[in-house]
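> Quick one, what's the 3D model for this:
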Amino acid sequence: MWKWLRELFRGPEPEPLALPSTSDSGTGGVARDEAPTYTMSSLAPFVRNAFHDGEKYPGGFGTTEIFETDYWTLRARSAQLFRQNLYARGFLRRLITNEINTGLHLEAIPEEPILGLEKDSLSEWTEMVETRFELWGEDPELCDHRARHAFGTLQQVARLEALASGDVLVVMRQDQRTGLPRIQLISGSAVQTPVERPRSGNRIEHGVELDGVGRQVAYWVVQRDGSMKRLPAIGEKSGRRLAWLHYGTDMRLDDVRGEPILSLILQSLREIDRYRDSTQRKALVNSMVAMFVKKAEAKPGTAPITGGAVRRGTQTATGADGTERSFNVAEHYPGVVFDELQHGEEPHAFTAQGTTEGFGEFERVIVSAIAWANEIPPEILWLAFSNNYSASQAAINEFKMYLNRRRTIFGREFCHPIYVEWLLSETLMGRIEAPGLLSAWRDRSRYAEFGAWKRSDWSGHIKPSTDIFKQARGYRMLVEDGFITRDRAARELTGTKFSKNVKGLRRENEMLFEAVAPMNEAQTTPAEQEREAA
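Alright, predicted model coming up:
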């Protein structure tokens, strides 16, 4: 077989190879213009044909598997582990708490130069927009289609569903009373392929309708009565965004649906949880048996344990099969001494032999591997910082890189589209003045102007510093040397906005000055008051 494949792929015999000699013609070697020629036949003892398939020797890699993803089974098993497995639930909750926390906050950053405006001329506009968006997001009646959650909680639900199921369908509903969008979240398991054929030229893959170029144009959702409903991604008349899939994990180029983040570690989580249960059960059973009497000779027993009891009795218990079993029970005073044992009888304490003492280390190794596979430092997942300050800070910095990337992706793919639809609705209703926004939105050639109006950034909760004094001093040096702005330092250090901090401090200083003014007047002498008046 291999010989036939070599002959098939080797092709025709190549031209003779002219290998120049390193010796000069005058030294007895072969002249350069008379160099010998070599063919593949003459080099046969030194050349062999081989395939580059990643193996160092035949069978070294093992079986090559081509996967066909079973999304339904992955989602079902991921949901099962989230409900039953303490490792899976703790892992997902750690991610939600660190990535989303109470929710990402909007920071509107319109580009004044592109809009033809003076720099910082839209500072009041940005604060007004941020305040109105925050007020909208705090009211579940306004932002949630089911009127249950605020916008921050909706972010947590969407992120958790995307991680556990692989993706979540986000649908924008228009509220007829307020003219503002309302968010509806649909589990990714409800997006399924229908029986009917899609529109001409489109195809459906795992419930997602794609056009000829591969763009997602609609989603097919299973209803409660079993029927299928088509939700378009973009409104045909309005041109506004209506629905999109938000993914929880990284995807390959041609993937249409997302996989649960637990898909890679499903079996590991299942087995480590079983191992933990069996170890705990073994320790419990061993602890129930306190002592036994060993008999070395076949003589009548004296029953020393029950014989020396203060109170003896029988306890009856009913088994799972309905049969009753009786157990002898005895109660002893502390420090009971067995006396006059039969010859050959010897009491032995029942030790917990067989309990896995190395389970803790084994568990730590498995959980650390799970954390490493998901770009999380083990210290963060364990919530155990037993190393020195430098090592703990290095772990936190590595995790911050992961958080910055995930928050940027979540803000761009989930929060920003919602903010754009809200901004368009507010502008259409006349509550926000943004000259040129609507006309630029309708004209694709004016993408720069539309992008300048809708540009935004999303900041999350800042992890508390282990040494705030060192960190604040470092940021002060960066600001003084011009390596960072005060606004950026405020966002990274405290998660606040510098302009709002300055306004708040100004108001507080004025209040403080008014509060201490009577005390200053009481401490001032009449002569000083006359000089100040003069």
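
> From now on I want contacts and neighbour counts done on CA atoms only, so please keep to that.
Fine.

> quick one: average confidence on stretch 142-160?
For stretch 142-160, mean pLDDT is 95.

> whoops, stretch 442-456 was the one
For stretch 442-456, the per-residue pLDDT averages 94.

> tell me which residues in it are buried?
Across stretch 442-456, burial judged by 16 or more other C-alpha atoms under 10 Å covers 449-454, 456.

> One more: stretch 423-435?
423-428, 432.

> which one of the residues you listed sits closest to residue 56?
residue 423 (58.6 Å; C-alpha to C-alpha).

> And the closest one, which helix or strand is it part of?
Residue 423 is part of helix 416-428 when elements are defined by DSSP states H and E.

> So what's the gap between that helix and the chain middle?
Relative to its chain's centre, helix 416-428 lies at 27 Å (C-alpha atoms, centre = their mean, to the nearest Å).

> And the contacts of that helix?
Applying C-alpha atoms under 8 Å, 6 or more residues apart in numbering, the set of residues contacting helix 416-428 from outside is 133, 172, 179-181, 240-241, 432-434, 438, 454, 456.

> Of the residues you listed, which belong to helices?
Among those, the residues falling in helices (DSSP state H) are 133, 438, 454.

> hang on, the earlier thing: and the buried residues of stretch 442-456 as TSV, adding distance to residue 497?
Shown next, in TSV, are the buried residues of stretch 442-456 (distance: C-alpha to C-alpha, whole Å):
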residue	distance to residue 497
449	25
450	24
451	22
452	20
453	19
454	19
456	14
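
> Sitting in strands, which of those residues do you find?
Among the buried residues of stretch 442-456, DSSP state E puts residue 456 in strands.

> can you pull the pLDDT of the residue positioned nearest the centre of the chain?
Taking C-alpha atoms, centre = their mean, the centroid of the chain lies closest to residue 95, which sits 4.8 Å from it. For residue 95, the model assigns a pLDDT of 91.

> Now do the same contact list for it.
By C-alpha under 8 Å, 6+ apart, residue 95 has no neighbours at all.

> Which helix or which strand is home to it?
helix 86-99.

> Using CSV, list the CA coordinates for the next helix or strand after that helix.
Using DSSP H and E, the helix or strand that follows helix 86-99 in sequence is strand 105-108. Provided in CSV are the C-alpha atoms of strand 105-108 (Å, rounded to 0.1, in the frame of the first residue of the first chain):
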residue,chain,number,x,y,z
HIS,A,105,-21.4,50.9,31.9
LEU,A,106,-21.7,53.2,28.9
GLU,A,107,-19.1,55.8,28.0
ALA,A,108,-20.2,57.8,25.0
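
> Reformat the contacts of helix 416-428 as JSON lines; add distance to residue 272.
Putting the contacts of helix 416-428 into JSON lines (distance: C-alpha to C-alpha, whole Å) gives the following:
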{"residue": "133", "distance to residue 272": "45"}
{"residue": "172", "distance to residue 272": "41"}
{"residue": "179", "distance to residue 272": "51"}
{"residue": "180", "distance to residue 272": "48"}
{"residue": "181", "distance to residue 272": "45"}
{"residue": "240", "distance to residue 272": "48"}
{"residue": "241", "distance to residue 272": "44"}
{"residue": "432", "distance to residue 272": "55"}
{"residue": "433", "distance to residue 272": "58"}
{"residue": "434", "distance to residue 272": "57"}
{"residue": "438", "distance to residue 272": "56"}
{"residue": "454", "distance to residue 272": "48"}
{"residue": "456", "distance to residue 272": "43"}
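
> For residue 182, which residues are in contact?
Applying C-alpha under 8 Å, 6+ apart, the residues near residue 182 are 142-145, 172-175.

> elements contacting the longest helix belonging to the chain?
If you go by DSSP H, the chain has its longest helix at helix 498-523. Packing partners of helix 498-523 (3 or more C-alpha pairs under 8 Å, 6 or more residues apart in numbering; DSSP states H and E): helix 486-494.

> May I have the residues that are in contact with residue 186?
168-171.

> Could you rerun that using 10 Å?
Contacts were defined as C-alpha atoms under 10 Å, 6 or more residues apart in numbering; by that measure residue 186 touches 158, 161, 167-171, 221, 245.
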